[in-house]
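Engineer: Next comes the sequence, and after it the predicted model I'd like to discuss.
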Amino acid sequence: MADSERFSAPGCWAACTTFSRTRKGILLLAEIILCLVILICFSAGTSGYSSLSVVEMVLAIVFFVIYMCDLHTRAPFINWPWSDFFRTLIAAILYLITSIFVLVERGNHSKIAAGVLGLLATCLFGYDAYFTFPLRQQRHTAAPTDPTDGPV
């Protein structure tokens, strides 16, 4: 039992470090960290807006684990690129709306910091949505231009 745990741990760590070096891994880690910082800022100011950060952080962790463990290839019944695209698009829109409301209210310094970081999160989630757009990732093969019968 101890041997199987010892051998599975380096494989899991290697998968985590390998995925975290990819563009998607870096984006998801940045989303997790930024949501955590925004959650701390909102909790210091008011707790009314912190639910958005909690939900987005949990969803980013879930997608990080799914992509890290290659579960998206093992569960083809869910369209993972579209799910991830809509997650990031909705997060960008909600962070934009929430940040505008927070910055207009002009609360204490932690609320203003959370609003500014929310605008940064809007850009980050929008960037992630742009690069995970499924139709953008489809590869089309070029039509052959040479005649198939051979040279004429």
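Structural biologist: Arrived safely, thanks for sending. Numbering: from 1, shown residues only.
Engineer: Assess the claim that residue 129 and residue 83 are in contact.
Structural biologist: No: the pair residue 129 and residue 83 does not pass the contact test of Cβ atoms under 8 Å, sitting 11.9 Å apart. To be clear about C-beta, it is placed using only N, CA and C from the backbone, and glycine gets the same treatment.
Engineer: more neighbours, these two?
Structural biologist: Comparing residue 129 with residue 83 by neighbour count (other Cβ atoms under 10 Å), the higher total belongs to residue 129, at 19 against 16.
Engineer: Could you measure from that one over to residue 31?
Structural biologist: 11 Å (Cβ to Cβ, to the nearest Å).
Engineer: Ok, residue 67 next?
Structural biologist: 12 Å.
Engineer: So between those two, which is more surrounded?
Structural biologist: residue 31 (24 against 18).
Engineer: and the closest residue to that one other than its chain neighbours, what is it in contact with?
Structural biologist: Distances taken as Cβ to Cβ, 6 or more residues apart in numbering place residue 60 nearest to residue 31, at 4.3 Å, with adjacent residues excluded. Contact analysis of residue 60 by Cβ atoms under 8 Å, 6 or more residues apart in numbering lists 28, 31, 32, 35.
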